[in-house]
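> Below is the sequence, then the predicted model.
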2 protein chains.
Amino acid sequence: MEKRPLYEQVKETLLARLAGDYWRPGALLPSEPKLAGEFGVSQGTIRRALDDLVSQGLLARYQGRGTAVTEHTPFGFFHLFREDGTRELPESKTLRISVNPPSRAERDALELASGKKVIRIQRVRYLNLEPKIFETICISHDLFSGLAKMATRDLPNTVYNYYEQKFGVPIVGKRERLRAAAATQDEARYLHIEIGAPLLEIECIAYSHRSQPIEWRISRCLTDEHYYCNPPE
Amino acid sequence: MEKRPLYEQVKETLLARLAGDYWRPGALLPSEPKLAGEFGVSQGTIRRALDDLVSQGLLARYQGRGTAVTEHTPFGFFHLFREDGTRELPESKTLRISVNPPSRAERDALELASGKKVIRIQRVRYLNLEPKIFETICISHDLFSGLAKMATRDLPNTVYNYYEQKFGVPIVGKRERLRAAAATQDEARYLHIEIGAPLLEIECIAYSHRSQPIEWRISRCLTDEHYYCNPPE
DNA sequence: CAGTGGTCTAGACCACGGA
DNA sequence: CCGTGGTCTAGACCACTGG
């Protein structure tokens, strides 16, 4: 017998469906009684699972209509807003993809065994057509070896979906740490700012099931016209 | 009849008790059945209210023991951690307290009627004995007029409690926005850094019941040895 | 109107902590 | 052992949405 709570097991199954194509973004899920029947649990247990997924930002509930898969940015992408409170979908341009032995910090963040390599991806992201974010992504080469040979042109804008669809690795959680930092020479060039200009650094580790770290990401953001907000307002 | 949900009403009452001295920090609350009896609602409704307060960080549950009032920093103060993950209680030194007509931003943030004045407080906060945060607090003069005449020496380190105890204004929620910013001349002097050095700016509006904004606070933090994390790990 | 989620109840059993 | 919170059930009524 499984000894974890029922609602956790329900959550895990729903999470897998959400990460895959089982339900399209924006689609309505079956009603709570239907899900309760399908999983053989009570409606209360389904509610508990759905509530957790709502608070993770994966689902949204609408009284009288149903429960829907969140549109766009399945796992609440960046929490950057314009000063007027509106949101934008960031476009991105990939600069380089490389395979390297991990730095100490990278090995720690991804909990890699020694000798394992990592894939490093550098991107510039655009908000309102202006370069605002310089981003470095680090993932295990073992898990994503196929990605290392891709052309920088072909890397999709939003990679969490991609991890799931192509590599079977769903992202179900993240942990963020924020700091202020000074722009490096590289960042200054790509973001059209002075060296040393203040940037908001978002360090994010994304997790799969069972808290396994999958991706380490450093995003350095120009916040002259945007702010970070968590949770989204 | 009151039309708001029962658990919201329960929350509001518990919140008022928590802000006051009804229960000491660290003390155990009455058990769920006891509270249910006292409020005349079911245990499930009490659970819902307690769960919300736990997720706000005001309470902590311990299976087999009970539900306790969180120790220290009643409404999770700053979410600044040292790089090793530990937390510190920031000390503070108040620089000035002044009464002014509000700026446009201040009037908007506090939803003040025109003609009202504000109290502005500037502080330097210390982490590990080093000046790390330059803070500007802005509150309504009407609500806190007694505070304007205080000596800077007498302002307590943690003011949320103070608002409640001396002025009957409990803080029950907050909304934060983060940016990177360059140190001004003032900030550079007090934080012992260069002008233009990157600082993490935390803009925080603190709310009382019914979402009434009470305090607008700008904290500019040196994050050379700390990071911001929400929710606390 | 029927169906959805939102709230609320009453009661069951379990896992844990402390006496 | 008892009392605590943690999980789960079954069913009630309400508020809102859509046709």
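That came through, no problem.

> What ranges does chain A have for its helices?
When assigned using DSSP state H, the helices of chain A occupy the ranges A:6-19, A:32-39, A:43-55, A:104-110, A:145-148, A:159-167, A:185-191.

> List the neighbours of the second one that are in contact with it.
What that stands for is helix A:32-39. If you take CB atoms under 8 Å, 6 or more residues apart in numbering or on different chains as the criterion, helix A:32-39 is touched by A:10, A:13, A:29-30, A:42-43, A:45-47, A:50, A:67. The way it works is simple: take the backbone N, C-alpha and C, and place the C-beta from them, glycine included.

> Among those residues, which ones lie close to DNA strand D?
For DNA strand D, the contacts drawn from the contacts of helix A:32-39 by CB under 7 Å from any atom of the strand are A:42-43, A:45.

> Which positions in chain A make contact with DNA strand D?
Taking CB under 7 Å from any atom of the strand as the criterion, the contact residues of chain A with DNA strand D come out as A:5-8, A:40-45, A:48, A:62-65.

> where are the low-confidence patches of chain A?
A:1-2, A:71-78, A:210, A:231-233 (pLDDT under 70).

> got the residue ranges for the strands in it?
Residue ranges of the strands in chain A, as given by DSSP state E, are A:59-62, A:66-69, A:80-82, A:91-100, A:118-127, A:130-140, A:173-182, A:198-207, A:213-221, A:226-228.

> Report the buried residues of the first one.
Of all the residues in strand A:59-62, those buried under the rule 16 or more other CB atoms under 10 Å in any protein chain shown are residue A:59.

> residues contacting the residue lying closest to residue A:65 once chain neighbours are set aside?
Using CB to CB, 6 or more residues apart in numbering or on different chains and skipping the chain neighbours, the partner closest in space to residue A:65 is residue A:28 (7.1 Å). With contacts taken as CB under 8 Å, 6+ apart, residue A:28 has the following neighbours: A:65-68.

> Just the buried subset of these, written out for PyMOL, thanks.
To isolate the buried ones among these in PyMOL, judged by 16+ other CB under 10 Å, type:
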select buried, chain A and resi 67+68
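
> and which of the contacts of residue A:28 is nearest residue A:189?
residue A:68 (41.9 Å; CB to CB).

> If the closest residue to residue A:227 other than its chain neighbours is in a bridge, with which residues?
Among residues not flanking residue A:227 along the chain, residue B:177 sits closest, at 4.2 Å (CB to CB, 6+ apart). Going by DSSP bridges, residue B:177 is paired in beta bridges with residue B:203.

> Which of the strands of chain A sits closest to residue B:133?
Checked against CB to CB, the stretch from the strands of chain A lying closest is strand A:173-182, at 11.9 Å.

> Kindly export that closest one (C-alpha atoms) in PDB.
Included here for strand A:173-182 are C-alpha records, laid out as PDB according to Å, rounded to 0.1, in the frame of the first residue of the first chain:
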ATOM      1  CA  GLY A 173       8.400  23.500  -8.100                       C
ATOM      2  CA  LYS A 174      11.000  26.200  -7.800                       C
ATOM      3  CA  ARG A 175      12.900  28.100  -5.300                       C
ATOM      4  CA  GLU A 176      14.100  31.700  -5.900                       C
ATOM      5  CA  ARG A 177      16.700  33.900  -4.300                       C
ATOM      6  CA  LEU A 178      17.100  37.600  -5.200                       C
ATOM      7  CA  ARG A 179      20.000  40.000  -5.000                       C
ATOM      8  CA  ALA A 180      21.200  43.200  -6.500                       C
ATOM      9  CA  ALA A 181      24.300  42.900  -8.700                       C
ATOM     10  CA  ALA A 182      26.400  45.100 -10.900                       C
END
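
> Taking their axis directions, that strand and strand A:198-207 sit at what angle?
160 degrees (axes from the mean of the first three to the mean of the last three CA atoms, to 10 degrees).

> Give the other helices and strands that strand A:173-182 contacts.
Using 3 or more CB pairs under 8 Å, 6 or more residues apart in numbering or on different chains; DSSP states H and E, the elements in contact with strand A:173-182 are strand A:198-207, strand B:173-182, strand B:198-207, strand B:226-228.

> tilt between the third one and helix B:159-167?
Regarding strand B:198-207 and helix B:159-167, their directions subtend 30 degrees when assessed with the same axes, to 10 degrees.
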